[in-house]
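Undergrad: no sequence for this one, just the structure:
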């Protein structure tokens, strides 16, 4: 914790050196991409993409799960997606799964989560019946692509897709190599190097 505090204290000095850049950020945000990924601390969207402050609107959830749209039971994830599309005018949504994902691993292996009732409840939003015969990486890819189907149920997503002003993408990030592959629907849903 001490190193985080030390860095937080020195951050204001860095901002002072880059005053103009941060002053522009204070005027508002205009990201073009909503990056939905896992809460896993090893997945750092700005590091993976090289994005600068203000370029990515991020949504991080356990297992990069997108919950089903339910107007009667709104949640933070739904609100984030709706805001990104209707207020910020996001043009692309990336759902990024990753290697060594504990959440998808729990779904695939049927891990006993009785001592983690909130986690168990959250994972119920995930994809049931994930394929396990080709390993965890295959299941994570399948899961990330399935989140695109869930996104397509959101009214704001449907509107923007109909207008042709939104594109959806599923990525797979390998923590140990840094490689990224992307879902190619036109190739029978295969993931190919980005």
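TA: Now that the structure is in, tell me what you want to look at. Note that the structure is predicted; figures quoted are calculated from it, not measured. Residues are numbered from 1 along each chain as shown.
Undergrad: Contacts for the lowest-mean-pLDDT helix or strand in the chain, please.
TA: Within the chain, no helix or strand scores below helix 2-17, which has a mean of 78 by mean pLDDT, DSSP states H and E. Helix 2-17 is touched from outside by residue 22, with contacts defined as Cβ atoms under 8 Å, 6 or more residues apart in numbering. C-beta coordinates here come from the backbone N, C-alpha and C atoms, glycine included.
Undergrad: Next: stretch 41-52.
TA: Defining contact as Cβ under 8 Å, 6+ apart, one finds that stretch 41-52 is touched by 33, 35, 37, 53, 55-56, 58, 96, 98, 100, 173, 175, 178, 180.
Undergrad: Please pick the buried ones from those residues.
TA: 33, 35, 37, 55, 56, 96, 98, 173, 180 (16 or more other Cβ atoms under 10 Å).
Undergrad: Beta-bridge partners for the last one, please?
TA: Beta-bridge partners recorded for residue 180 (DSSP bridges): residue 173.
Undergrad: what's near enough to touch it?
TA: Counting by Cβ under 8 Å, 6+ apart, residue 180 has contacts 48, 96, 171, 172, 173, 174, 193, 194.
Undergrad: quick one: the helices in this structure?
TA: 2-17, 19-26, 45-49, 76-86, 102-109, 117-123, 136-151, 155-163 (DSSP state H).
Undergrad: Mind putting those helices into TSV with mean neighbour count?
TA: Formatted as TSV, the helices of the chain follow (neighbours: other Cβ atoms under 10 Å):
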stretch	mean neighbour count
helix 2-17	9
helix 19-26	10
helix 45-49	15
helix 76-86	17
helix 102-109	20
helix 117-123	14
helix 136-151	21
helix 155-163	15
